[in-house]
Each structure stands twice: as structure tokens, then as C-alpha cells.
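when you get a sec, could you give me coordinates for this:
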Amino acid sequence: MTTDTFFQLDQALGREPFNDWHPVVMSLVWKWLIAATGEIGSMAALQVGFAWLASVLTCYYILKTTRNRCLSLLGFLILVLPNSANIVGAVWKDTHMALAMYLAVVCILVFRLRGRFQWVFLGMAILALLYATLVRKNAAVGVVPLLFLVTTVLLVNRSSFSVKKAVAVFAVAIAVFGGVVLVIGKSINVATGATSNSQVTQIMLDDLIFAVPQSAIESSETAPPALKSKIADARQECEDVGAFWDAYWKCYGRGASGEAFTEIAHPDAVKSLWIEQVPRNFPRYLDYRAMTTAKFLFTSNLQFASTEEKEDLGVSQYAPKLNDALRSYVVDLGLKQLPWLFHGWFWLALGVAGVVASVRGSRPSITATAIFIAGLLYLVSFFPTAPASDYRYIYWSALSVVIGLITLVAERTSARRRTPVKNSRTDP
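Take a look at the predicted model:
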């Protein structure tokens with residue numbers, strides 16, 4: 001657990017009021033888990049349990065598709081890869097989103113097998129996609145290809161199938177899904193009394209401080225003098241500490257009160273100033289975002305998070321020696337020997353290669369293509385928003401590539417198994 005985690009834990013324990021800086025639904029689930037079990041660690045246990053469930057279902061899908069027991073063990077990759085084992089037990093919204101997306105994908109795959117409980121798996125997939133979108137907003141771009149996959153699976157074998165009908169159903173599915181997400185999110189906020197913190201202004205601050213000249217800020221006729229002065233002070237502080245993003249935390253002074261996870265002063269003025277100045281300085285904005293994207297793709301931080309001691313919450317490491325063993329595996333083996341596993345560029349390149357491999361050949365795979373694209377779109381969504389190069393931000397993209405490759409291997413193996421081998425001899 002990290003600082004973000006402890007803030008959500010305080011909300012789950014009723015020590016902090018709910019706000020939307022972090023997903024309210026996740027803090028609410030944690031609150032219910034603590035009420036049911038009395039254990040703070042129940043959230044981590046839930047995450048690991050879902051990872052195991054998704055892995056077992058993946059093994060089942062591979063086994064049913066290929067009839068190959070050895071190959072089916074690929075389903076456990078999520079639990080043993082050093083770049084995945086490091087995060088499955090880390091209580092972050094990024095972990096929840098990635099695991100929910102993974103569970104949704106594998107449930108769609110199992111649904112395609114047309115078994116006895118196929119509709120249960122489809123329902124689980126939709127619920128998982130809803131939860132993923134509720135815990136992280138930019139998950140929505142990765143959900144779109146998966147909704148397309150669901151639409152295709154439902155319609156492709158029907159006699160009345162047509163491209164026009166599929167597009168219409170897909171459009172309706174997106175509209176309904178988006179509406180349900182908005183209604184559920186709003187209902188949860190109302191029920192919990194969660195306040196809004198205009199977190200989007202955190203990203204806008206980065207653009208104003210690092211991409212817009214101070215002279216342009218000063219020339220604004222609409223921005224309050226206090227905001228202009230605050231941005232100027234933050235700009236100097238950022239230069240002093242060598243910060244080039246994440247200004248809210250590193251040099252702006254956090255919220256209006258100086259406290260973490262609170263709304264900054266003049267949020268509407270920040271939005272207006274961004275709308276006014278960024279288009280006027282668009283080349284500088286693109287230059288800045290190209291730089292942050294390069295940092296995001298080619299550097300990596302926070303690859304292994306250890307729980308800090310938190311005596312007032314009774315939080316401590318349950319098995320420190322086991323934790324050290326996991327650290328050696330993740331850091332000494334994974335990070336030092338296989339560093340590319342923790343970088344966005346690697347999964348971006350592998351994802352693009354996966355799409356190419358999926359659409360080529362005599363048997364293109366719509367399923368694998370949709371899975372690869374779901375991870376690629378999520379990664380691309382960080383171009384205008386990346387606040388840091390923490391590994392957790394690319395976890396779903398890495399996971400989607402692994403799942404896509406597994407799906408592609410399973411489908412190609414199954415196709416070869418069903419294709420009769422031609423006998424080269426001429427029968428008498």
C-alpha cells in the first residue's frame with residue numbers, strides 16, 4: 001500500500017469523507033470488505049483471488065480450445081511473470097481496473113465456448129467492464145474494442161448477420177454502456193456524499209506551467225491575479241526541484257488548503273485559462289506532451305511497492321521475509337535482468353506486432369485483435385494526461401498483450417488441430 005492506498009483506506013474506515021479524487025466505488029467496496037471480515041488486508045486478498053480466478057478460467061479456455069494440457073498452463077502467466085506478480089497484490093485503482101478488464105476478456109472467451117453457463121460468463125464480463133470504467137475513467141477507451149468483441153460474438157453466427165446491423169448494435173451497446181456508467185457513478189456519489197475535486201485541473205496545471213510561457217499567462221485578461229501569481233511561483237519552484245510534470249504534488253502546493261487530494265483554488269479559472277492559452281500555444285503544447293510521452297514510454301518508476309508501516313491504522317507487513325523474497329524476484333531478476341518488461345515502449349511495440357499478426361494469415365483473429373487494441377488505446381490515452389512514469393499506468397497494456405498472445409496461440413493451435421493433414425502418398 002502507498003500514499004494513495006492509505007487515503008482510500010481512511011475513506012473506507014470513515015476517517016476521511018468520500019471524494020472523487022480516487023474511485024468512490026473502490027473505497028466503498030473496501031468498506032464493505034472490512035465490515036464483513038474485520039481485516040484491512042481483505043482488499044488485497046480479493047485482488048489476488050480475482051487474479052487466480054481469471055488465470056484458472058484462462059487455463060480452462062486454452063484447454064478446451066487446444067486440447068493441450070501443457071499449453072493450458074500459459075493461463076498462469078499473470079501470477080508468475082515478474083512484471084505482474086509485483087502488482088497483483090498492490091491495492092491501487094490501476095490494479096483493480098487491469099484485473100477487471102482481464103476477467104472481462106477471459107469471460108468473453110469462455111462465453112464463446114458456448115457451454116452450459118455461457119450467459120453467466122457474459123454477465124460477469126459486462127459487470128467487470130462496468131467496474132473497470134468506474135475505477136479508472138480512461139479505461140473507457142479500452143472498453144470500446146471489447147464491447148465490439150461482445151457484439152461480434154453475439155451476432156456473427158446468426159443467419160441475419162450483416163455489417164450494417166453489427167455497427168448499429170455496437171453503437172447502441174456503447175450508448176447504453178456509457179449511460180449505465182454515468183448513472184451508477186452519479187448514484188454512488190450521491191449515496192456517499194462524495195465531493196468533486198476537479199482532478200482534471202491537475203493535468204491542466206502541468207500544461208499551463210510547462211507548455212505555456214509565463215508572459216502568455218500574464219497577458220490573460222480573464223485569469224485572476226492570484227492564479228497568475230500562483231502559477232509563476234510554481235513555475236520557479238518546479239525549475240528549482242527539476243520537475244517537468246506532476247506539478248500539483250511537486251511544486252504547486254497541492255490543494256487550496258495545502259492538503260493532499262484536495263481541490264486547488266480557482267478550478268474554473270484554471271480550466272478557462274487552459275482553454276484560452278493552450279490552443280494559442282499548440283506547438284509548445286505538442287512539444288511538451290511529446291516529451292512527457294517519451295518519458296512515460298522509456299522510463300519506469302514504482303515497479304515494486306512495499307507497504308509502509310502505519311501504526312495508527314494497525315498496518316504492518318504480514319510476512320516481511322516473504323515480501324523480501326518477492327522483491328528479489330521482481331527487482332533482482334525482473335527489473336535488473338529484464339528491464340524492458342517494465343517499459344511502455346516494449347508493450348506498445350509488442351501490441352502493434354500482435355495486431356499485425358492477428359489480422360494476417362488465412363485465419364484472422366478478431367478476438368485477439370480486439371484484445372490487443374484494448375491495451376494499445378489505453379496506453380495512447382496517456383499522451384495528453386500522463387502525470388508520471390509509474391509502471392502501474394501501463395499494467396493493463398502489458399496484460400492485454402499477454403492475453404492477446406495467449407488467445408492467438410490458442411486459436412492458431414486449435415485451427416491446426418482441426419485441419420486434416422494431407423497424405424502425400426497416392427492411394428492405389
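
my guess is residue 131 contacts residue 100, does it?
Yes: the pair residue 131 / residue 100 is scored as a contact, 4.8 Å apart, by C-beta atoms under 8 Å. The way it works is simple: take the backbone N, C-alpha and C, and place the C-beta from them, glycine included.

quick one: the helix ranked longest in the chain to chain centroid distance?
In the chain, with assignment by DSSP state H, the single longest helix is helix 163-192. With C-alpha atoms, centre = their mean, to the nearest Å as the basis, helix 163-192 stands 19 Å off its chain's centre.

does anything pack onto it? Which helices or strands?
Applying 3 or more C-beta pairs under 8 Å, 6 or more residues apart in numbering; DSSP states H and E, we find helix 163-192 packed against helix 24-37, helix 118-135, helix 139-155.

output these as CSV; include the columns distance to residue 364 and mean neighbour count.
Output for those, formatted as CSV (distance: least, C-beta to C-beta, whole Å; neighbours: other C-beta atoms under 10 Å):
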stretch, distance to residue 364, mean neighbour count
helix 24-37, 37, 18
helix 118-135, 22, 20
helix 139-155, 12, 21
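
would JSON lines of these with mean pLDDT and distance to residue 278 be doable?
As requested, the helices and strands packed on helix 163-192 are exported to JSON lines (pLDDT from 0 to 100; distance: least, C-beta to C-beta, whole Å):
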{"stretch": "helix 24-37", "mean pLDDT": "96", "distance to residue 278": "29"}
{"stretch": "helix 118-135", "mean pLDDT": "95", "distance to residue 278": "27"}
{"stretch": "helix 139-155", "mean pLDDT": "92", "distance to residue 278": "21"}
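
before we move on, what SS does residue 367 have?
helix (DSSP: H, G, I helix; E, B strand; the rest coil).

spatially nearest residue to it, not counting backbone neighbours?
Distances taken as C-beta to C-beta, 6 or more residues apart in numbering put residue 407 closest to residue 367, at 5.6 Å, once the chain neighbours are dropped.

the inter-axis angle of the helix or strand the one you found falls within versus helix 118-135?
With secondary structure defined by DSSP states H and E, residue 407 is part of helix 395-418. For helix 395-418 against helix 118-135, the angle by axes from the mean of the first three to the mean of the last three C-alpha atoms, to 10 degrees is 160 degrees.

show me what helix 395-418 is packed against.
So helix 395-418, by 3+ C-beta pairs under 8 Å, 6+ apart, packs with helix 42-66, helix 69-72, helix 77-80, helix 82-85, helix 93-111, helix 139-155, helix 344-359, helix 366-380.

mind showing which ranges of the protein have poor pLDDT?
Across the chain, the ranges flagged by pLDDT under 70 are 157-161, 308-314, 419-428.
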